[in-house]
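predicted model and sequence follow; I will ask about them next.
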Amino acid sequence: MTFNPLEQRGIPLDRQLRNWRELNVKPIDPDHCDPYTRCRIITMNGIEVEAIMFSHQLARNTVDPEVKRQLAQTRYIEAQQQKVVNWLLPGVSSVLETTIAYEQVAVDLTAWVARMEPDPYLKQAYQFGVLEDFDHLYRYANLYEMIEHRKAEAIVDGLTEVMPGRPTRFHHRDPVDNVRDPYDKDATNPLSKLHALTILSAEQQTMNFYMNTGPTYMEPIARQLYQEIGLIEEEHVTHYESLVDPGETWWEQLVNHEYNECYLYYSFMEQESDPQVKAIWELHLNMELEHLHIACDLMRRHDGRDPESVLAPELPNVLTFEPNKGYLRGLLDTQMDLTTLGAGYVQEAHERFEKMQEAIHDGEAPPSDRVMTEHDAVFGREYRVQTEGEHPDPAQREK
């Protein structure tokens with residue numbers, strides 16, 4: 001069934017404010033929930049955080065006090081939505097357990113987007129990035145067993161494999177080589193705009209999470225691993241944000257943000273297995289429909305253009321959390337040795353890459369390597385979840 005959010009009216013903005021009782025949602029049960037319910041929660045928190053921060057940036061760049069007031073009204077509701085979504089996560093989960101769930105989001109969300117992306121250049125950007133998130137999941141899973149003596153399979157539940165991706169030590173690139181070419185806003189498929197904004201928001205959330213939670217650990221190896229992967233997440237945000245056409249006006253970006261929220265809430269409502277969470281997705285969708293109409297009115301008034309000229313006429317097929325094991329194994333078999341050069345991709349290590357590697361590692365093993373050495377010293381093996389057989393790359397198989 002097609003769904004055009006531009007033709008739907010949601011809950012009027014003056015009826016969207018919720019009281020403390022309504023905001024006090026019951027968290028999911030981490031031991032019995034669908035892992036992809038947790039993934040949808042983490043994704044939507046990232047989307048809401050991006051919506052809030054973008055609205056703040058727009059407010060700081062407009063002189064019109066009426067626009068500032070309109071943005072403030074909508075933004076406060078977005079802030080309530082973010083609190084409801086993120087507070088669905090259970091307090092009993094450790095930071096590291098939530099981290100593993102974050103990386104499961106990065107793997108299966110990015111893999112799905114790569115599969116569905118119509119633009120070959122953008123598809124390659126997602127394929128490149130997902131192999132790095134895949135390796136992060138593997139490193140954190142080994143850290144988890146080492147310092148909490150628990151196994152990541154209880155979190156990923158066999159839906160996502162845990163094994164080496166592109167080794168984390170090779171993710172450190174000269175910053176200029178993390179900047180990609182943007183899509184052309186006037187020529188690209190509207191779906192590509194939604195994909196770029198979604199992955200950018202998810203990676204930005206992960207970057208922020210690691211920046212703030214990394215130093216809360218006592219164990220030196222944990223602090224160091226969060227520091228290393230946190231730096232790589234900054235690279236990923238640079239990688240994905242550069243895909244967005246900088247020629248999009250503030251108003252064009254605003255309607256893209258609101259349209260994307262409608263798309264994702266609708267997608268997750270359609271597939272959610274938890275009745276309580278599904279009801280929240282439906283409620284937030286009906287709120288976002290009104291936010292979209294407000295954004296469209298602002299675009300007509302201040303940009304002099306019709307939002308239909310930049311938005312898809314109807315929502316695309318729902319974004320789906322599902323296993324991507326075969327797809328990822330294909331990438332592991334063919335793209336493990338890629339790095340970036342300028343706005344493109346190469347297999348050979350080039351001078352800028354080698355200089356960055358020498359400078360940051362300075363002759364020492366990085367934390368991502370040392371966590372594996374320390375894990376092996378304790379357990380005599382690596383921690384992996386390989387449900388589909390041996391690693392596709394013979395060099396990455398267990399010795």
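Thanks, I have it. Fair warning: this is a prediction, and the values are worked out from it, not measured in the lab.

all helices of this protein, in order?
20-23, 35-60, 65-86, 95-116, 120-148, 153-156, 190-213, 220-241, 250-271, 275-303, 325-334, 351-361, 367-379 (DSSP state H).

may I see the ones you listed organised as JSON lines, with mean pLDDT, mean neighbour count and distance to residue 4 added?
To be clear about C-beta, it is placed using only N, CA and C from the backbone, and glycine gets the same treatment. Formatted as JSON lines, the helices of the chain follow (pLDDT from 0 to 100; neighbours: other CB atoms under 10 Å; distance: least, CB to CB, whole Å):
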{"stretch": "helix 20-23", "mean pLDDT": "98", "mean neighbour count": "9", "distance to residue 4": "29"}
{"stretch": "helix 35-60", "mean pLDDT": "98", "mean neighbour count": "22", "distance to residue 4": "20"}
{"stretch": "helix 65-86", "mean pLDDT": "98", "mean neighbour count": "18", "distance to residue 4": "21"}
{"stretch": "helix 95-116", "mean pLDDT": "98", "mean neighbour count": "23", "distance to residue 4": "19"}
{"stretch": "helix 120-148", "mean pLDDT": "98", "mean neighbour count": "22", "distance to residue 4": "24"}
{"stretch": "helix 153-156", "mean pLDDT": "97", "mean neighbour count": "19", "distance to residue 4": "36"}
{"stretch": "helix 190-213", "mean pLDDT": "97", "mean neighbour count": "22", "distance to residue 4": "12"}
{"stretch": "helix 220-241", "mean pLDDT": "98", "mean neighbour count": "21", "distance to residue 4": "27"}
{"stretch": "helix 250-271", "mean pLDDT": "97", "mean neighbour count": "23", "distance to residue 4": "10"}
{"stretch": "helix 275-303", "mean pLDDT": "98", "mean neighbour count": "20", "distance to residue 4": "10"}
{"stretch": "helix 325-334", "mean pLDDT": "98", "mean neighbour count": "16", "distance to residue 4": "30"}
{"stretch": "helix 351-361", "mean pLDDT": "98", "mean neighbour count": "13", "distance to residue 4": "46"}
{"stretch": "helix 367-379", "mean pLDDT": "98", "mean neighbour count": "17", "distance to residue 4": "45"}
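
right, and those - which one's nearest residue 14?
Checking the helices of the chain against residue 14 by CB to CB gives helix 65-86 as the closest, at 8.8 Å.

can you add distance to residue 310 and give the helices of the chain back as CSV?
Compiled in CSV, the helices of the chain are given as follows (distance: least, CB to CB, whole Å):
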stretch, distance to residue 310
helix 20-23, 33
helix 35-60, 16
helix 65-86, 19
helix 95-116, 20
helix 120-148, 17
helix 153-156, 37
helix 190-213, 8
helix 220-241, 19
helix 250-271, 6
helix 275-303, 8
helix 325-334, 30
helix 351-361, 36
helix 367-379, 41
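
nearest approach to residue 386 belongs to which of those?
helix 325-334 (9.7 Å).

how many neighbours does the closest residue to residue 286 other than its chain neighbours have?
Leaving aside its sequence neighbours, residue 286 sits nearest to residue 10 (CB to CB, 6 or more residues apart in numbering; 4.2 Å). Residue 10: 20 surrounding residues under other CB atoms under 10 Å.

which ones are touching residue 10?
Residue 10 is in contact with 285, 286, 287, 288, 289, 290, 291, 292, 293, counting by CB atoms under 8 Å, 6 or more residues apart in numbering.

using a markdown table, lay out the residues you listed together with distance to residue 278.
Formatted as a markdown table, those follow (distance: CB to CB, whole Å):
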| residue | distance to residue 278 |
| --- | --- |
| 285 | 11 |
| 286 | 13 |
| 287 | 15 |
| 288 | 15 |
| 289 | 17 |
| 290 | 20 |
| 291 | 20 |
| 292 | 21 |
| 293 | 24 |
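
just the terminal-to-terminal distance for stretch 312-325.
30 Å (CA to CA, to the nearest Å).

now tell me what touches that stretch from outside.
So stretch 312-325 is contacted by 2-6, 36, 39-40, 107-109, 111-113, 115-116, 159-161, 190-191, 194, 198, 259, 262-264, 266-268, 270-271, 387-388 (CB under 8 Å, 6+ apart).

got it, and stretch 20-33?
With CB under 8 Å, 6+ apart, stretch 20-33 has contacts from 37-38, 41, 80, 83-84, 87-93, 97, 154-155, 274, 276-277, 280.

let's go with 10 Å and repeat that
18, 34, 37-38, 41, 80-81, 83-93, 97-98, 101, 154-155, 157, 273-274, 276-277, 279-280, 283 (CB atoms under 10 Å, 6 or more residues apart in numbering).
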